[in-house]
Structure formats: C-alpha cells, structure tokens
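Novice: generate coordinates for the sequence data below:
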Amino acid sequence: MNAKSVIQPAWLRLTHWVNAIAVVLMAMSGWRIYNASPIYPLVFPAEITLGGWLAGALYWHFFAMWILCVNGVAYLLANGLTGRLWQRFFPLRWNELKADLWAAMRGRLSHADLARYNAPQKGAYLFAMADIALLIVSGLVLWKSVQFPLLRELLGGYDMARKVHFYAMWGLVGFVAVHGLMVLLVPRSMLLMIRGR
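Specialist: Now for the predicted structure:
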C-alpha cells in the first residue's frame with residue numbers, strides 16, 4: 001500500500017477499534033454498577049448490562065478502564081507526536097461550525113475529501129476526547145475518593161462526581177450514536193477506518 005494513499009494510519013485504526021471496544025465494555029458494565037445504587041429513577045435493562053452482579057460489573061469496568069486509559073494515552077501521544085492533532089482538529093472556527101452544521105441539517109455537507117475533517121467532525125472528536133478525560137477524572141473520584149481529595153472537591157464532592165460521571169457517560173453514548181449514524185450515511189468512512197484509505 002502506498003504510504004501517501006493512507007489517510008488513516010494503522011496506529012489510528014488500532015487505537016480507534018480498541019477504544020470502541022473499551023467504551024462499549026465500560027458503558028455496559030457501568031450501567032450494571034449504576035443499577036446497584038441508582039441516583040435517578042432510571043434502571044438499565046439487565047440485557048444491556050455486563051457483569052451479572054455488582055462485583056462482576058466492577059471487574060469488567062476496571063478491566064476496560066485500564067484499556068481505555070492506556071489506549072487513550074497512546075492515541076493522544078501518537079496524535080501529538082505526528083502533528084496529526086493540530087493538522088486534523090485545529091483550527092476549529094465558530095463560523096465554519098455553524099455553516100457546516102447548517103449544511104449537514106439540509107443534507108448538503110460534502111464528504112468528498114475524507115482526508116479532511118469538517119468543522120462538526122472536529123468539534124465532535126474534540127468533545128469525545130474531553131468527555132473521556134472527564135469520565136476518567138470523575139471515575140477516579142468514584143474509585144479512589146480518599147486518594148484523590150483535590151479531584152473530588154473540584155468536582156463538587158463524591159455525590160456530584162457520580163452525577164458528572166453519569167452525564168459524561170451519556171455524552172459519550174450520544175457521541176457514539178451520532179458517530180454510528182454518520183458512518184451509515186457515509187459508508188466509505190467505515191472502509192477508511194478498516195483499510196486506512
């Protein structure tokens with residue numbers, strides 16, 4: 001394969017798919033953990049949770065947490081060291097974001113050049129990175145509250161950290177849903193994430 005024709009390098013495709021698996025495992029096990037002590041009158045159906053019982057869900061959640069953290073650091077380092085982070089995601093201009101969102105709502109957003117991210121893509125991917133970071137920080141407070149008192153206080157205490165974690169989880173689930181819808185609308189992007197070109 002010609003290196004110049006590769007749009008998504010192998011390291012990016014690998015970290016993308018590892019991240020996708022880790023996020024699914026974390027969400028499903030997290031829903032089982034949430035069901036053990038819900039903070040809202042909402043319970044997730046057992047069929048979409050993972051772990052079988054609280055201890056099992058915690059094992060899955062911690063297992064996936066380490067995968068997500070290590071993979072996330074590898075993704076950010078590779079993006080930063082290759083310069084891809086700045087080339088692909090910046091600048092993100094408000095006027096371009098408004099114009100591209102308006103074009104997308106009318107079904108007129110061009111996807112002719114998959115090597116270039118449009119403004120909504122840039123915003124969505126940056127949101128996902130920040131949201132995962134918030135999930136990790138709030139998750140650390142829930143896991144080791146005594147060891148991370150500063151993080152706990154910055155998040156407004158343990159109970160608020162649970163809410164932050166809950167809403168950040170919904171933010172990531174929303175991102176994944178929209179991302180999946182976009183893949184259905186632009187199927188070439190799935191081939192790109194499998195083959196790299």
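
Novice: check which helix or strand the most centrally placed residue in the chain maps to.
Specialist: With distances taken as Cα atoms, centre = their mean, the chain has Ala128 as the residue nearest its mean C-alpha position (4.3 Å). With secondary structure defined by DSSP states H and E, Ala128 is part of helix 119-143.

Novice: quick one: contacts of that helix?
Specialist: 26, 62, 65, 68-69, 72, 76, 88-90, 92-93, 96-97, 99-101, 104, 109, 117, 148, 151-152, 155, 158, 161-162, 164-165, 168-169, 171-172, 175, 178-179 (Cβ atoms under 8 Å, 6 or more residues apart in numbering). Glycine gets a C-beta too; all of them are placed from N, C-alpha and C.

Novice: ditto for stretch 66-77
Specialist: By Cβ under 8 Å, 6+ apart, stretch 66-77 touches 11-12, 15, 18-19, 21-23, 25-26, 85, 129, 132-133, 136.

Novice: least trustworthy helix or strand in the chain by mean pLDDT?
Specialist: Least confident helix or strand of the chain, by mean pLDDT, DSSP states H and E, is helix 188-195 with a mean of 86.

Novice: show me the shaky parts of this structure.
Specialist: Judged against pLDDT under 70, the low-scoring parts of the chain cover residues 1-4.

Novice: switch the cut-off to 50
Specialist: Flagging of the chain using pLDDT under 50 yields the residue ranges 1.

Novice: show me which of the contacts of stretch 66-77 are buried.
Specialist: Leu12, Thr15, Val18, Asn19, Ala22, Val23, Leu25, Met26, Leu85, Met129, Ile132 (16 or more other Cβ atoms under 10 Å).

Novice: how about these in a markdown table, adding secondary structure and distance to Leu191?
Specialist: Rendered in a markdown table, the data for the buried ones among the contacts of stretch 66-77 read as follows (DSSP: H, G, I helix; E, B strand; the rest coil; distance: Cβ to Cβ, whole Å):
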| residue | secondary structure | distance to Leu191 |
| --- | --- | --- |
| Leu12 | helix | 14 |
| Thr15 | helix | 18 |
| Val18 | helix | 19 |
| Asn19 | helix | 19 |
| Ala22 | helix | 23 |
| Val23 | helix | 21 |
| Leu25 | helix | 25 |
| Met26 | helix | 27 |
| Leu85 | helix | 24 |
| Met129 | helix | 24 |
| Ile132 | helix | 25 |
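
Novice: ok, so of these, who is nearest Arg195?
Specialist: Of all the buried ones among the contacts of stretch 66-77, the one sitting nearest Arg195 is Leu12; the distance, using Cβ to Cβ, is 12.2 Å.

Novice: returning to what we had before: CSV for the buried ones among the contacts of stretch 66-77, including distance to Pro38?
Specialist: Converted to CSV, the buried ones among the contacts of stretch 66-77 look like this (distance: Cβ to Cβ, whole Å):
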residue, distance to Pro38
Leu12, 37
Thr15, 33
Val18, 30
Asn19, 27
Ala22, 24
Val23, 21
Leu25, 20
Met26, 18
Leu85, 37
Met129, 28
Ile132, 23
